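K.L.:
Below is the sequence, then the predicted model.
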Amino acid sequence: MPKAATPIESPAFDQPHRMAVATAAKPSALLELRSAALTLVAVVLKTTDLAVLAQELAERVAMTPDLFDNDAVAVDLWRVREVGEPIDFGALITLLRSHRLLPVAVRGGNAEQMAAAAAAGLAEAPDVPRAVPRETEPVVLTELVREVQLPPPPVLIVDKPLRSGQQVYARGGDLVVLALVNDGAEVIADGSIHVYAPLRGRALAGTKGDTAARIYSTCMQAQLLSIAGVYRTGEAALPETLNGRAAQVHLDGDILVVEALSC
């Protein structure tokens, strides 16, 4: 009697075959490119003479030692773009670096200058729009002179006697004295002087050159009389018709005239 066949188990066929597959993870980017706005100090050249530039830089640094601190700069050439002489950008870069400036870019030059700067390792920075001065007609200024009537200066009034050594000055106007002017006292005015009492001291009127100024006194006995610098001293005695009487003093040309007042 034949033996029953022993069943054969085949896991490979009876069960589904599963395979694990490992995939390599994508590494993260080690470099990113982004736009950036940088602030640069513009060094505007007004000459291509590097010796002159070196002297000016040295003077500025001497006055302010901490003026530069490795600042990145753009060399601006718009003031020298019409200059025919070539610029030694290698020497210029060395000069700027010696004063703690780091040139990284250039702008505003002509084609030859920009090419030479690029050869020296400077990038081209975008130029800035520059205003072109417009020709305008000259402005004609006219001066209008208008005469303004100013009020007269106030009159200085003195109502107390003036002792020897005292001085009164009426700046810019007339002086009125209502009391005695003793010997040795002095009354001064840029205008006229009116003394309604004995005038025995010195009286100087029109001291700023007013030749129309006058001196009046009800009792003329002055030691000195002066109008606009023309004077008369008491050494020359007044005539009896004037001494101690009401009188006035005025100029007639360069002559000091003393005459009686009609009362």
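P.N.:
Received it, and whenever you're ready, just let me know what you need.
K.L.:
going forward, measure contacts between C-alpha atoms and count neighbours the same way
P.N.:
Will do.
K.L.:
all helices of the stretch 51-200 of the chain, in order?
P.N.:
Counting by DSSP state H, counting those that start in this stretch, the stretch 51-200 of the chain has helices at residues 89-98, 111-119.
K.L.:
And for Ile193, the neighbour number?
P.N.:
29 (other CA atoms under 10 Å).
K.L.:
before we move on, what about Arg214?
P.N.:
Arg214 has 22 neighbours, counted by other CA under 10 Å.
K.L.:
re earlier: and the helices of the stretch 51-200 of the chain as CSV, adding mean neighbour count?
P.N.:
Shown next, in CSV, are the helices of the stretch 51-200 of the chain (neighbours: other CA atoms under 10 Å):
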stretch, mean neighbour count
helix 89-98, 16
helix 111-119, 16
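K.L.:
Looking at the ones you listed, which is nearest to Leu242?
P.N.:
helix 89-98 (91.2 Å; CA to CA).
K.L.:
Now do the closest one against helix 111-119, angle only.
P.N.:
Interaxial angle, helix 89-98 versus helix 111-119 (axes from the mean of the first three to the mean of the last three CA atoms, to 10 degrees): 60 degrees.
K.L.:
And the protein, what are its domain boundaries?
P.N.:
41-124, 156-260 (automatic domain parsing).
K.L.:
which of those domains is buried the deepest?
P.N.:
domain 156-260 (a mean of 19; mean count of other CA atoms under 10 Å).
K.L.:
can you give me how far that one is from the chain middle?
P.N.:
49 Å (CA atoms, centre = their mean, to the nearest Å).
K.L.:
Quick one, which of the helices of the stretch 51-200 of the chain gets closest to Val195.
P.N.:
Closest of these to Val195 is helix 89-98, at 81.6 Å (criterion: CA to CA).
K.L.:
Identify all contacting residues around the closest one.
P.N.:
Here helix 89-98 makes contact (CA atoms under 8 Å, 6 or more residues apart in numbering) with Leu50, Ala54, Asn70, Leu102, Pro103, Ala116, Ala117, Ala120.
K.L.:
returning to what we had before: could the helices of the stretch 51-200 of the chain be laid out in CSV, adding distance to His194 and mean pLDDT?
P.N.:
What follows is the helices of the stretch 51-200 of the chain, written out as CSV (distance: least, CA to CA, whole Å; pLDDT from 0 to 100):
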stretch, distance to His194, mean pLDDT
helix 89-98, 80, 94
helix 111-119, 85, 93
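K.L.:
circling back: pull the most distant pair out of the contacts of helix 89-98.
P.N.:
Within the contacts of helix 89-98, Asn70 and Ala116 form the most distant pair, 23.5 Å apart (CA to CA).
K.L.:
just to revisit the earlier point, out of the helices of the stretch 51-200 of the chain, nearest to Arg245?
P.N.:
When the helices of the stretch 51-200 of the chain are compared by CA to CA, helix 89-98 sits nearest Arg245, at 91.6 Å.
K.L.:
what's the offset of the closest one from the middle of its chain?
P.N.:
Distance, stretch centre to chain centre, for helix 89-98: 35 Å (CA atoms, centre = their mean).
K.L.:
do stretch 90-102 as well
P.N.:
The answer for stretch 90-102 is 34 Å, by CA atoms, centre = their mean.
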